[in-house]
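Student: Quick one, what's the 3D model for this:
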Amino acid sequence: MCSGLYLLKSEIPLRQTQISSKVQSALNFHVNKDSEVLLWHYRLGHPNFMYLERLFPSFFSNKSSQSFKCEICQLSKHVRSSYPTISYKPSHPFAMIHSDVWGPSQVHNITGTRWFVSFVDDHTRLTWLFLMKEKSEVSQIFQNFHAMIQTQFQTRIQILKTDNTKEYFNSSLNTYCLNQGIIHISSCVNTPQQNGVAERKNRHLLEVARSLMLCTHVPKQFWGEAVLITTYLINKMPSRVLNFRTPSQVLLQAFPDTKLLSSLDPKVFGCSVFVHIHYRGKLDPTSLKCIFIGYSPHQKGYKCYFPVFKKVYTSIDVTFF
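Tutor: Alright, predicted model coming up:
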């Protein structure tokens, strides 16, 4: 005995490889017994059967390690499926629309909104964004959006791809999609990767909006205006998916006569602006000092916020500082 252990002296010292070979030779009679494979699988702590094949190749002389399954391993080691990146496949504008709802924001926008819904065209990657006070507005907004597509581009949406949130599955939207022949595809529960185009677009929108607000120290209650102006800018920026063309350029190639795309020059969000006053006294100031917060979607003018009266002016007669 030495240090509490009995030493067994051997004339020929055995190395680990020799021990492994002796174990293998001792178990040769178990070659075709699946139960022995599972037994060693349990004994060794449920390793992958590929490693058992390396340790005991004689066990797998007639079978592959892929043919063995273990329920305990599925219960204890189960992982999610991988989601390979799907390459961009051009089709035609508005054949498929990706959509996602973001919110609620902890801070109300100056217009009282807390959510926004985005619609991304799969072909052009052009983005439309709408602010919402309640999530229940999604159905009506999509119907108005589809009507605009039909009127302005003489085409129809074929597929609407969303996540599985209940806003997209109310009775009015389901009935509308059925009546219009629109196929509604949704992602599985807790699987946002299946709605990746809209999810990544929302992340991009928030990243740019956050940068705009931090740069000029704009208060958080202007987050909605920041997201709207971000959408305007992203639609005019080159996209790697589109071979560094802009979404606006791709849309204009298909619809060169469209008048929906604004041509206003970009300005710094949150900068000081002076808006011309048309009705004033002879000795009153001729302009108001405001804050630039975006571009009007329905008028050719800049949206400027006057903090004293908490009022938004839309004007083209604006001087930027």
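Student: in which helix or strand would I find S76?
Tutor: Assigned by DSSP states H and E, S76 belongs to helix 71-77.
Student: Helices along the stretch 101-250 of the chain, start to end?
Tutor: 138-153, 171-180, 196-216, 223-234, 247-254 (DSSP state H, counting those that start in this stretch).
Student: Could you say which one of those comes nearest to V79?
Tutor: helix 196-216 (18.8 Å; Cβ to Cβ). (C-beta placed from N, C-alpha, C; glycine too.)
Student: Quick one: list the elements packing against the closest one.
Tutor: On a contact count with 3 or more Cβ pairs under 8 Å, 6 or more residues apart in numbering; DSSP states H and E, helix 196-216 meets strand 96-102, strand 115-121, strand 127-132, strand 159-162, helix 223-234.
Student: can I get these in TSV with mean pLDDT, distance to F244 and mean neighbour count?
Tutor: Below are the helices and strands packed on helix 196-216 laid out as TSV (pLDDT from 0 to 100; distance: least, Cβ to Cβ, whole Å; neighbours: other Cβ atoms under 10 Å):
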stretch	mean pLDDT	distance to F244	mean neighbour count
strand 96-102	94	21	22
strand 115-121	96	18	23
strand 127-132	96	17	20
strand 159-162	94	25	21
helix 223-234	94	14	23
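Student: what's the neighbour count on S186?
Tutor: Residues within reach of S186, counting by other Cβ atoms under 10 Å, total 16.
Student: Kindly compare burial across the helices of the stretch 101-250 of the chain and name the winner.
Tutor: Most buried of the helices of the stretch 101-250 of the chain by mean neighbour count (mean count of other Cβ atoms under 10 Å) is helix 223-234; its value is a mean of 23.
Student: Which elements pack onto that helix?
Tutor: Other elements packing on helix 223-234 under the criterion 3+ Cβ pairs under 8 Å, 6+ apart are strand 115-121, strand 127-132, helix 196-216, strand 287-295.
Student: ok, 10 Å please
Tutor: strand 115-121, strand 127-132, helix 196-216, helix 247-254, strand 287-295, strand 302-306 (3 or more Cβ pairs under 10 Å, 6 or more residues apart in numbering; DSSP states H and E).
Student: and the nearest residue to F169 once chain neighbours are set aside, what is it in contact with?
Tutor: Nearest non-adjacent residue to F169, counting by Cβ to Cβ, 6 or more residues apart in numbering: S186, 7.7 Å away. S186 sits next to 160-165, 168-169, 194-195 when contact means Cβ atoms under 10 Å, 6 or more residues apart in numbering.
Student: Which of these has the largest number of neighbours?
Tutor: Among the contacts of S186, the one with the most neighbours (other Cβ under 10 Å) is T162, at 25 neighbours.
Student: Now do the buried residues in the helix holding S76.
Tutor: Of the residues in helix 71-77, none has enough neighbours to count as buried (16 or more other Cβ atoms under 10 Å).
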